[in-house]
Structure formats: structure tokens, C-alpha cells
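Colleague: any chance you can model this:
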Amino acid sequence: MDDLFLHVISGSKAGRKIKIEDKVGLGRSPENTVTFTGPDAGLVSGRHAVVERVGGDLILRDLDSRNGVFVNGVRVFEHRLALNEVVSLGQNGPKLRVQTGGTETFSRSMPLTPGLRYDKSTGGFSGSRENSLPPGSPTRPEMPSTAPMAPSVASGIDAGSFTLGLAQRISEDEAGEEEIKDLMRNSGRVKRLVASNALGKRDARMIGHAAETYSRSRRRGRWVAGGIASVSLIVIIMLVVQIFVYRKRLVQQEKLFANIEQLEAKLAHMETGSDAPEPGQDSEKSMMVAQLRAAERQLMNLRGHLRSKDLINTYSNPLGKEIQIILEGFGKQNYVVPDIFIAQVEKHIRTFTRTSVKNSIQLALTRKSRYYDLIQRELLDAGMPLAFFYLAVHESGLDTAIVSSAGARGLWQFMPATGRDYGLHVPNDWRSAPIAQDQRTNPLMSTRAAIRYLKRLYAEFGDVALAMAAYNAGEGRVRGALRRIDDPVNNRDFWYIYRMGYLAQETNEYVPKIIATMIIDKNRDRYGFPP
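Modeller: Alright, predicted model coming up:
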């Protein structure tokens with residue numbers, strides 16, 4: 001016999017030819033030999049039908065499809081195929097034609113007759129087929145290709161010759177394990193087999209019960225698998241969405257960095273320009289600083305949602321990160337420290353570590369052990385930031401008796417009038433009076449007075465750095481700088497004033513000096529100071 005083929009004659013697979021060697025599965029699922037996708041997918045079931053060789057015949061079986069299987073327009077469940085018959089998967093679904101590679105034919109589709117038996121030796125059907133024909137009829141009559149399989153005489157059910165052959169093998173205990181498994185997977189075929197009365201009552205009950213048990217287990221399996229698949233799908237969708245959002249954040253981080261660098265460059269150009277600002281330049285600078293602050297807030301909020309390995313290095317100078325950590329202690333969480341400020345802090349660190357100044361800094365750090373616990377306790381009791389301790393380090397070098405040329409005295413360098421305002425006794429002739437009478441030299445009393453003063457400044461300006469600047473230059477100068485701000489509600493902080501240049505240079509540099517002192521104290525070995 002020449003090679004046999006299924007030739008797809010309609011649908012998305014039209015023109016394809018499939019050689020029939022053993023079994024050809026037809027359906028929508030990928031495990032089929034021919035998988036119908038695209039427009040055909042809605043017309044075809046997952047496992048719609050199968051064509052397989054049985055002895056010298058080709059048997060077409062419907063696998064409980066949703067839309068049915070048709071041969072030459074007639075609905076069939078099992079059918080012995082003939083050459084040129086047209087198989088349709090659903091009435092409107094894709095169509096296939098049985099063809100051969102040569103001229104030899106194979107058995108036409110024929111009605112079953114009562115005496116038809118399965119021949120185990122040949123794997124086909126024999127017996128009374130010829131005996132049922134009228135005298136003088138040919139051994140293999142040419143039946144119309146549209147003829148459906150005849151019903152079983154016993155039941156009136158179209159059980160099909162392949163199913164009846166299996167029934168005989170079951171009755172004779174010769175059915176193979178794979179045959180029984182294949183039968184269990186096809187509930188329609190089981191029903192037809194049981195209803196055909198081809199099996200004994202015992203075998204029919206056994207097959208029916210086994211099929212029902214198998215069907216229930218498959219339904220439970222599908223339910224569990226469906227639930228797992230649904231949960232898995234939801235998890236996958238969530239992961240895909242998270243990946244998409246995360247990638248957008250990475251792109252946004254790059255854009256914000258580029259915007260901040262561009263604005264910083266423009267501000268630096270303005271600062272290095274002519275001394276006399278051009279008309280409208282102050283307003284333009286204010287707008288740029290506001291844009292810069294907004295970009296910084298967005299960037300720092302965004303970075304909280306990124307993994308550490310994906311964070312762009314904010315600072316080319318590692319000192320920038322140390323300064324940022326100090327500022328976070330000041331309550332400033334959403335700031336990118338400007339390069340110009342980092343450069344100023346670095347400049348002051350170099351100054352403080354030179355021989356001419358280093359001894360003074362070293363002496364102040366040595367005295368820290370005497371007063372740190374006292375000042376820290378008072379700051380904590382008052383609910384004030386511990387960073388204010390370094391005002392005393394910078395102001396007096398922690399020398400209780402030191403007097404400035406302007407008349408400031410003690411750890412906190414109170415002027416006589418300011419000391420009296422905050423409850424300290426300062427004799428009018430304090431320069432000649434015994435030192436003990438001047439309470440500015442008393443560590444505990446002067447610290448409590450300084451904290452009362454700082455607390456008022458902090459409450460008024462709401463910013464640690466602004467309170468430090470006001471402590472140095474006087475609150476009047478800081479108030480004047482704030483009055484120049486167009487949006488004092490959102491820009492009421494030292495960094496806005498610093499960038500705008502609204503304070504005197506000495507006051508502008510006061511906070512960078514404090515931060516330089518803090519960094520030296522935290523990294524004494526690095527800068528050559530004894531621990």
C-alpha cells in the first residue's frame with residue numbers, strides 16, 4: 001500500500017499534507033500532530049479527533065469534541081475512512097481529505113453487519129462481511145463514500161467497528177493496558193461501548209465504574225491544575241508589571257540625575273559670572289533653584305524604591321555621601337549635596353588639618369571627653385539634635401574660659417547681653433571680676449542657656465542649619481534672607497539661601513565649617529588625629 005496522507009484543504013493550515021504512519025492527532029492543543037491556531041482555534045477543541053491505523057484500516061475517532069466530527073457532512077463518532085473522504089472538524093471548521101501517494105486504495109467505509117468479527121491474527125475485521133452481501137456481489141463492494149457506519153443490531157447504537165473489536169478483546173481478557181487507558185480517556189466511547197451490549201453485564205459495570213472514577217479524578221485534577229495555573233498567571237502578571245515599573249524607575253533615575261546636573265551647571269555659571277546680576281537674573285536663579293529642589297525630592301523618593309546595586313553613584317567625591325548622612329541627622333532626607341558645598345567642606349577639612357590650625361582642632365577634640373556627656377544629656381532632655389554639640393566645638397574649642405576679641409565668652413561664646421537674656425549672671429565688670437562670677441564660664445549653666453537660645457532659633461526657622469547660621473550671624477540677618485525668598489513655605493531652609501547667596505560669605509561658610517569638624521571627629525585616623 002502506498003503512503004497515506006491527510007491533506008488540509010481549508011483553514012489556516014490549508015495545503016499542508018500529513019503522512020499517516022501510526023496515529024495523527026487533530027486539535028488546538030500543542031500535543032496534537034496537527035495544531036490549529038489563529039482563526040481555526042475557536043472552532044476546534046483542544047484534542048478534537050484522531051486518525052490511526054488499525055490493521056489495514058484507517059479509523060477516525062471523535063475525542064469528545066465540542067463541535068463534533070463530520071465525514072462528508074455526516075456526524076460520526078468512529079468511522080472507517082476511505083480515500084478522498086472529507087473530514088471536517090466541526091461543521092464550519094477546517095477540512096481534511098484522505099489521499100494516497102500512489103494509485104492503490106484501502107478499504108472503503110462500510111456498514112457493519114451482525115456477523116462481523118475482529119480477526120486477531122490480521123488486526124482487522126473479517127467473517128460475515130462477505131456472507132452478508134447479495135449473491136454475485138464483489139468481495140469489496142464500492143459503497144457510497146457518505147455512508148455512515150451501520151448501527152449495532154443488538155442496541156441500535158453506532159458503537160463502531162474499532163470499539164466492537166475492543167469489546168471482544170475485553171470479553172476475552174486480551175485487551176492491552178494501553179488500550180484500556182485510551183478507552184478511559186474517551187467517555188463518549190465508553191458510553192457507546194456500554195450501551196451497545198457488546199460487553200457482558202459484569203464487564204460493562206466494571207468499565208463504566210472505572211471510566212466514571214477516572215473522569216472524576218481528571219475533573220479534580222483540572223480544578224486543582226486550573227487553580228494553580230490561575231494563581232501562577234496572576235503571580236506572573238504581577239511580576240511582569242513590577243519589572244516594567246522598576247525599569248521605568250531606573251530610566252526616571254537617569255533623567256532626574258541628568259536634569260539635576262544640568263541645573264547645577266547653570267547655577268555654577270551664574271555664580272562665576274559678573275558681580276552685578278543682570279535684570280531678572282535673581283528671579284531666574286530662584287526659579288532654577290526651585291526646579292532643582294523639586295528634582296532632588298523626586299530623585300531621593302525614587303531611590304527609596306530601588307535596589308542598592310541599581311543606584312547611580314550620586315557623588316563622584318566620596319565626601320558627598322558622608323555629608324549627606326550628616327544632613328540626614330539634620331532632618332534633611334531629600335537632598336543631593338551640591339558639588340560646590342562638597343568642595344567647601346573639603347576645603348575647610350584641608351585647612352583644619354594644616355599644622356597652623358591642626359593643634360587647635362586636636363586640643364578641642366581632646367577636651368570632648370570632658371563635656372560631651374554633659375552637653376549630650378542636656379540636648380537629649382530638651383529634644384534637640386545632637387549636631388548642636390559641634391557649635392561649642394567650633395565656637396570655643398570647648399574652652400570654658402576663652403574670650404573673643406568682641407567680648408564673647410565660655411563654651412558657647414555668649415556675648416554679655418545675650419547671656420543675660422537667657423538667664424546667665426554676667427557682671428558689668430566681668431573682665432575684672434572673678435571668673436566664677438561670670439556664669440558664661442559655667443559648663444552646665446551656659447549649656448542650658450545655649451540650648452534655650454537654640455531651641456527658640458530652631459522653633460522659629462525649623463531648620464538645624466538655619467538655626468546654626470542664626471547662632472553665628474544673628475537671627476536678624478537670617479530673617480532678612482528669608483524675606484527675599486519668593487516661596488518661603490517650600491524653600492525655608494539653609495540650602496535654598498546658600499544656593500541663592502542671600503547670606504554673607506562668612507555666615508554661608510559657617511555650616512560647612514561645622515560639618516568639616518564633624519567629619520574630622522568621626523574619622524580621626526584618616527586625618528591624622530589621635531583617637
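
Colleague: show me what counts as buried in the host helix or strand of Gly476.
Modeller: Under the criterion DSSP states H and E, the helix or strand holding Gly476 is helix 475-483. Within helix 475-483, the residues that qualify as buried are Glu475, Arg477, Val478, Ala481, Leu482, counting by 16 or more other CB atoms under 10 Å. (Each C-beta comes from the backbone N, C-alpha and C, glycine too.)

Colleague: which non-adjacent residue is nearest Leu424?
Modeller: Among residues not flanking Leu424 along the chain, Gln439 sits closest, at 4.2 Å (CB to CB, 6 or more residues apart in numbering).

Colleague: what's the weakest-modelled helix or strand in the chain?
Modeller: helix 128-131 (a mean of 36; mean pLDDT, DSSP states H and E).

Colleague: what about stretch 324-343, distance to the chain center?
Modeller: Taking the mean of its C-alpha atoms, stretch 324-343 sits 30 Å from the chain's own mean (CA atoms, centre = their mean, to the nearest Å).

Colleague: ok, residues contacting that stretch?
Modeller: Counting contacts by CB atoms under 8 Å, 6 or more residues apart in numbering, the residues outside stretch 324-343 that touch it are 260, 264, 268, 271, 296-297, 299-301, 314-315, 317, 319-320, 323, 385-387, 463-465, 493, 495, 498-499, 512, 515, 518-519.

Colleague: go on, stretch 412-426?
Modeller: 391-392, 395-396, 402, 404, 406-410, 430, 437-440, 442, 445-447, 449-450, 452-453.

Colleague: same deal with stretch 356-371?
Modeller: Residues external to stretch 356-371 that are found in contact with it (CB under 8 Å, 6+ apart): 351-353, 392-393, 397-399, 411, 443, 447, 517, 520-521, 524, 528-530.

Colleague: stretch 444-457 now?
Modeller: Around stretch 444-457, the neighbours that count as contacts under CB under 8 Å, 6+ apart are 371, 374-375, 378-379, 382, 384, 388, 391-392, 400, 410-412, 414, 418-419, 422-424, 439-440, 466-467, 470-471, 475.

Colleague: ok, of the contacts of stretch 324-343, which come out buried?
Modeller: Neighbour-count burial (16+ other CB under 10 Å) applied to the contacts of stretch 324-343 gives 260, 264, 296-297, 299-300, 319-320, 323, 385, 387, 463-465, 493, 495, 498-499, 512, 515, 518-519.

Colleague: and the gap between Pro416 and Val426?
Modeller: Using CB to CB, to the nearest Å, we find Pro416 at a distance of 5 Å from Val426.

Colleague: then Gly419?
Modeller: Using CB to CB, we find Gly419 at a distance of 5 Å from Val426.

Colleague: which one's more surrounded, those two?
Modeller: Just comparing Gly419 and Val426: by other CB atoms under 10 Å the higher neighbour count belongs to Gly419, 26 against 21.

Colleague: show me the helices in the stretch 301-450 of the chain, by range?
Modeller: Ranges of helices in the stretch 301-450 of the chain, per DSSP state H, counting those that start in this stretch, are 319-329, 339-352, 355-382, 389-396, 416-421, 443-461.

Colleague: and among the ones you listed, the most buried is which?
Modeller: Between the helices of the stretch 301-450 of the chain, the one whose residues have the most neighbours on average, counting mean count of other CB atoms under 10 Å, is helix 389-396 (a mean of 22).

Colleague: which strands or helices does it pack on?
Modeller: Secondary-structure packing of helix 389-396 (3 or more CB pairs under 8 Å, 6 or more residues apart in numbering; DSSP states H and E): helix 355-382, helix 443-461, helix 510-522.

Colleague: tabulate the ones you listed in CSV, adding columns for mean pLDDT and distance to Thr33.
Modeller: Listed next are these as CSV, based on pLDDT from 0 to 100; distance: least, CB to CB, whole Å:
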stretch, mean pLDDT, distance to Thr33
helix 355-382, 92, 80
helix 443-461, 95, 81
helix 510-522, 94, 74
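
Colleague: to Lys255, which of those helices lies closest?
Modeller: Using CB to CB as the measure, helix 510-522 is the one of the helices and strands packed on helix 389-396 that comes nearest Lys255, at 29.6 Å.

Colleague: and the closest one, what does it pack onto?
Modeller: For helix 510-522, the elements it packs on are helix 319-329, helix 339-352, helix 355-382, helix 389-396, helix 464-473, judged by 3+ CB pairs under 8 Å, 6+ apart.

Colleague: pull that helix out as CSV, backbone CA atoms only.
Modeller: Output of helix 510-522 as CSV, limited to C-alpha atoms (Å, rounded to 0.1, in the frame of the first residue of the first chain):
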residue,chain,number,x,y,z
TYR,A,510,29.7,78.6,59.0
VAL,A,511,27.7,75.4,58.4
PRO,A,512,30.4,73.9,56.0
LYS,A,513,32.9,74.5,58.8
ILE,A,514,30.7,72.8,61.4
ILE,A,515,30.3,69.8,59.0
ALA,A,516,34.0,69.7,58.4
THR,A,517,34.6,69.5,62.1
MET,A,518,32.1,66.7,62.5
ILE,A,519,33.7,64.6,59.7
ILE,A,520,37.2,65.1,61.2
ASP,A,521,35.9,63.9,64.6
LYS,A,522,34.3,60.8,63.1
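
Colleague: verify the stated contact: Leu503 with Ile497.
Modeller: Yes. At 5.8 Å, Leu503 and Ile497 qualify as touching, with contact defined as CB atoms under 8 Å.

Colleague: next, show the common contact partners of those two.
Modeller: Common neighbours of Leu503 and Ile497 are listed as Ala469, Val478, Ala481 (criterion: CB under 8 Å, 6+ apart).

Colleague: the first one is in contact with Glu509, isn't it?
Modeller: No. Judged on CB under 8 Å, Ala469 makes no contact with Glu509 at a distance of 10.0 Å.
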